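Asks: Prediction below, plus the sequence it came from.
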There are 2 protein chains.
Amino acid sequence: MPPRTALKRQVNRLPPERRISDIMAAAKEVFVEKGYNDALITDIALRAGVVEGSIYRFFANKRELLVKVVEHWFEEMLRDDAEQFAAVRGSWNQIRFIIYTHLTSIHRDPALSRLMFQEIRPAPDYRGSHLFELNRAYTNRLVDVVKAGIVAGELRPESSPNLVRDLVFGCIEHRTWAFLRGEGDFDPAEMADAITNLVHHGLALGSEPASPMESVVARLETATARLEAAAGIAPTKPASARPR
Amino acid sequence: MPPRTALKRQVNRLPPERRISDIMAAAKEVFVEKGYNDALITDIALRAGVVEGSIYRFFANKRELLVKVVEHWFEEMLRDDAEQFAAVRGSWNQIRFIIYTHLTSIHRDPALSRLMFQEIRPAPDYRGSHLFELNRAYTNRLVDVVKAGIVAGELRPESSPNLVRDLVFGCIEHRTWAFLRGEGDFDPAEMADAITNLVHHGLALGSEPASPMESVVARLETATARLEAAAGIAPTKPASARPR
DNA sequence: GATAGTGATGAATGGTATTTATTAGTGCTG
DNA sequence: CAGCACTAATAAATACCATTCATCACTATC
């Protein structure tokens, strides 16, 4: 006589929102632990307390599940960052803040960052996806800062804000790949300072090394005009080559 | 009576090098057309004129085949670049050359570049692989240029050569992702100029777009001294502030 | 307390990398 | 040059998963 529980299948009904959030929580765990390819639907189902088939009631396929998980994480992150950012003043500080918070996200959630970089962004339908829009909003803060900095006369007007965006986010990614592969660690604050300084020096209109030169020029141009007039001589011809 | 050819299986023996290069050529084609995941061993075998099982005689698995294909491409590329690079002089030109050739490779072989960025580099065993060494050699040329530039007094001594490397290669990748996804096109020469200028301004102690300035200064300093002496007047005092 | 509607199940399906048992050339040896 | 051993090459078998589907069990409604 076989036990009834073995014959009768257990069914556990729950409101859809709950089911969805259970599945997403389980999926997040598994994706983080195993990466996209090695994550098994079976495993996700097990942890969510459902059976494989049930996942397909809420998500079209494994990839959509991944996208939803990453979207959720990203939205949360954006919410947290946005309010703090509003308080920061000055282009250097704002750039530094954006770099720092981005580095902090990567440092806190390396696996999710990786999924974003490796699985989501390269997909052919990425442009046109919600995550693309979210990410655009995220990175556009930097573009806006640069534009504002140019208008305010703090940053070089020739610098392309979009290129600066790629410079900053690309640099961050490139520099954190080793960490994302699980090799070693990094200090977000320290790295943020280094990157900000390097980038900012490429942007600064009147800071460190350019400004002394400019004031020298201003002084010399004035003096020359004054003296050439006073002496009544012809203007000095351009220097043929930089001496050295 | 069944025809004998249908019963007897065809076997075509070839020297191993030939087989290997046939398989690698076929694999390259398929990986480029379909990407890693959608590339089928069956398809590769078909195009190479062998049967699936034969591929496993020469390559441990699909991933090793991918790695070998990308390695081959990368080595070829390195050989081509190296000789040209040796002829370039001056840090701005050298940086520009490195950026330009890298952009050109991406522009010429987007699919292979993508495989490198998306499939190879994120792998946990990447560090320690031959491709890692090749890539290090490739990017180290930039590091060396920056170091040399600092020693020669052309570049700011505070700038970290390694950070500059990440800035440059990261920027290039970030900016070319849309192209790698098949969206639109870009002009390597134009982009190389833009990136080089942006980066170099963050590095330049006193060259390129700064260089006109330097020659002006040289001319003015000379003229001033000459004129002030001739006119017998006191040296002009430093400009108080930049007019604007 | 029957019944329609639907959430949930778990077994089946299909596709694909990888393994393996078998076969067909090839070159060596006596 | 016939037999033999060796190995390249084959094709079928295996294993592993995402995805689908026929069926079942709960719930609300009458």
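Replies: Perfect, I can see it now.

Asks: Quick one: name the residues of chain A near DNA strand D.
Replies: Taking C-beta under 7 Å from any atom of the strand as the criterion, chain A approaches DNA strand D at residues A:8-11, A:13, A:39-42, A:52-53, A:56, A:61-63. C-beta here means a position set from N, CA and C on the backbone, and glycine is covered the same way.

Asks: Just the buried ones from these, in PyMOL syntax?
Replies: To isolate the buried ones among the residues of chain A next to DNA strand D in PyMOL, judged by 16 or more other C-beta atoms under 10 Å in any protein chain shown, type:
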select buried, chain A and resi 39+41+62
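
Asks: Just name the lowest-scoring one in the residues of chain A next to DNA strand D, pLDDT-wise.
Replies: Lowest in pLDDT among the residues of chain A next to DNA strand D is A:Lys8, which has 63.

Asks: which among the residues of chain A next to DNA strand D are in contact with DNA strand C?
Replies: Near DNA strand C, by the rule C-beta under 7 Å from any atom of the strand, you find A:9-11, A:13, A:52-53 out of these.

Asks: where does chain A have low pLDDT?
Replies: A:1-8, A:202-244 (pLDDT under 70).

Asks: Swap in 90 and give it another go.
Replies: By pLDDT under 90, the low-scoring segments of chain A are A:1-18, A:80-92, A:149-150, A:152-159, A:197, A:200-244.

Asks: Quick one: the helices in it, in order.
Replies: A:4-7, A:16-38, A:41-48, A:52-58, A:62-85, A:91-108, A:110-114, A:130-151, A:161-180, A:188-201, A:210-231 (DSSP state H).

Asks: how near is A:Lys34 to B:Pro124?
Replies: Remark: distance between A:Lys34 and B:Pro124 (C-beta to C-beta, to the nearest Å) = 12 Å.

Asks: ok, now A:Ala26?
Replies: Distance from A:Ala26 to B:Pro124, by C-beta to C-beta: 23 Å.

Asks: What number of residues are in the vicinity of A:Phe169?
Replies: 22 (other C-beta atoms under 10 Å in any protein chain shown).

Asks: contacting residues for it?
Replies: By C-beta atoms under 8 Å, 6 or more residues apart in numbering or on different chains, A:Phe169 lies in contact with A:102, A:139, A:142, B:170, B:174.

Asks: 10 Å instead?
Replies: A:98-99, A:102, A:135, A:138-139, A:142, B:170-171, B:173-175 (C-beta atoms under 10 Å, 6 or more residues apart in numbering or on different chains).

Asks: Backbone dihedrals for A:Ser129, please?
Replies: Here is the backbone geometry of A:Ser129 (degrees, to the nearest 10): phi -90, psi 160.

Asks: Run a quick check on it versus A:Phe74, I expect a contact.
Replies: No. Taking contacts as C-beta atoms under 10 Å, A:Ser129 lies outside contact range of A:Phe74: 11.2 Å.

Asks: anything in contact with each of the two?
Replies: A:120, A:135.

Asks: neighbour-wise, which of those two wins?
Replies: Neighbours per residue, other C-beta under 10 Å: of A:Ser129 and A:Phe74, the larger number sits with A:Phe74, 21 against 15.

Asks: Spatially nearest residue to that one (excluding sequence neighbours)?
Replies: A:Leu134 (5.2 Å; C-beta to C-beta, 6 or more residues apart in numbering or on different chains).

Asks: quick one on the thing from earlier: more neighbours, A:Lys34 and B:Pro124?
Replies: Ranked by neighbour count (other C-beta under 10 Å), A:Lys34 and B:Pro124 place A:Lys34 first, with 14 against 10.

Asks: and stretch A:103-120, how far apart are its ends?
Replies: Terminal residues of stretch A:103-120 lie 19 Å apart, using C-alpha to C-alpha, to the nearest Å.

Asks: Dump the helices of chain A to CSV, plus distance to B:Ile150.
Replies: Converted to CSV, those look like this (distance: least, C-beta to C-beta, whole Å):
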stretch, distance to B:Ile150
helix A:4-7, 75
helix A:16-38, 40
helix A:41-48, 52
helix A:52-58, 56
helix A:62-85, 35
helix A:91-108, 24
helix A:110-114, 32
helix A:130-151, 27
helix A:161-180, 19
helix A:188-201, 13
helix A:210-231, 18
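
Asks: so what's the residue lying closest to A:Asp193 once chain neighbours are set aside up against?
Replies: In this structure, A:Asp193 finds its nearest non-sequential neighbour in A:Arg96, 7.1 Å apart by C-beta to C-beta, 6+ apart. By C-beta under 10 Å, 6+ apart, the contact list for A:Arg96 reads A:88, A:90, A:189, A:192-193, A:195-197, A:199-200.

Asks: Widest-spaced pair of the residues you listed?
Replies: A:Gly90 and A:Ala189 (17.7 Å; C-beta to C-beta).

Asks: In contact with the closest residue in space to A:Tyr138 that isn't next to it in sequence: list those residues for me.
Replies: Distances taken as C-beta to C-beta, 6+ apart place A:Leu78 nearest to A:Tyr138, at 6.2 Å, with adjacent residues excluded. For A:Leu78, the contact set (C-beta under 10 Å, 6+ apart) comprises A:134-135, A:137-138, A:141.

Asks: Swap in 7 Å and give it another go.
Replies: A:134, A:137-138 (C-beta atoms under 7 Å, 6 or more residues apart in numbering or on different chains).

Asks: just the buried members of the residues you listed?
Replies: By 16+ other C-beta under 10 Å, the contacts of A:Leu78 give A:134, A:138 as buried.

Asks: can I get the contacts of A:Leu78 in CSV with distance to B:Val70?
Replies: Compiled in CSV, the contacts of A:Leu78 are given as follows (distance: C-beta to C-beta, whole Å):
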residue, distance to B:Val70
A:Leu134, 31
A:Ala137, 34
A:Tyr138, 31
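
Asks: which among the contacts of A:Leu78 gets closest to DNA strand D?
Replies: Closest to DNA strand D out of the contacts of A:Leu78 is A:Leu134 (23.2 Å), distances taken as C-beta to the nearest atom of the strand.

Asks: any idea how far A:Ile98 is from that closest one?
Replies: 15 Å.
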